[in-house]
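>>> sequence and predicted structure are below.
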Amino acid sequence: MPSSQEEISNQEEISIDNDVRELVIARLKLLSPDTIKSIGDKGVFSRDELIECVEKGDETGEIVKKVEMEWLRAVKNGIVDKIYE
């Protein structure tokens, strides 16, 4: 039986995952509806298809979440600014 500390930890992880999912979806909604993105060997997706993948939490959605979060970390750490200097 999981301890209450483990249950709290699991609930926090679920909450964080939901927050990340909402953030990524909000960022995707800023894109033009005509935007098309290629996700490696997963295929080509429209903005709305990517949003759907993130909402479902499928493999493609998880890839999109990871890429978006890496981008935000790079912006936060100033890496993106250095690229464009």
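Received, thanks. Numbering: from 1, shown residues only.

>>> and V44, helix, strand or coil?
strand (DSSP: H, G, I helix; E, B strand; the rest coil).

>>> for it, name its beta-bridge partners.
Note on V44: beta-bridge partners by DSSP bridges are S38.

>>> who's in contact with it?
Contact partners of V44, counting by CB atoms under 8 Å, 6 or more residues apart in numbering, are 36-38. Any C-beta I mention is one placed from the backbone N, CA and C, and that applies to glycine too.

>>> and what of E12?
Contacts of E12 (CB under 8 Å, 6+ apart): none.

>>> what secondary structure does it sit in?
Once three-state DSSP is applied, E12 turns out helix.

>>> which one of the contacts of V44 sits closest to E22?
K37 (19.4 Å; CB to CB).

>>> distance of the closest residue to the closest one other than its chain neighbours from V24?
Nearest-residue entry for K37: F45, 5.6 Å, with adjacent residues in sequence omitted and distances by CB to CB, 6 or more residues apart in numbering. For F45, the distance to V24 equals 13 Å [CB to CB, to the nearest Å].

>>> against S15, how distant is I51?
Distance from I51 to S15, by CB to CB: 21 Å.

>>> nearest the geometric middle of this protein, what residue?
Among the residues of the chain, the one closest to the centroid is K65, at 1.8 Å (CA atoms, centre = their mean).

>>> what sits up against the helix or strand in which that one is found?
Using DSSP states H and E, the element containing K65 is helix 59-76. Helix 59-76 is touched from outside by 20-21, 23-24, 27-28, 39-40, 42-43, 45, 50, 52-55, 80-81, with contacts defined as CB under 8 Å, 6+ apart.

>>> can you pull the buried residues of that helix?
60-61, 63-65, 68 (16 or more other CB atoms under 10 Å).

>>> repeat for stretch 39-54
39, 45, 47, 49-54.

>>> would you confirm that the residue nearest to K37 contacts C53?
Yes. In this structure, F45 is within contact of C53 by CB atoms under 8 Å, at 7.0 Å.

>>> picking up where we left off before, any idea of the pLDDT on the residue nearest to K37?
For F45, the model assigns a pLDDT of 98.

>>> next up, the contacts around it.
36-39, 53, 60.

>>> then S46?
So S46 contacts 33-36 (CB under 8 Å, 6+ apart).

>>> I appreciate the help and will end here.
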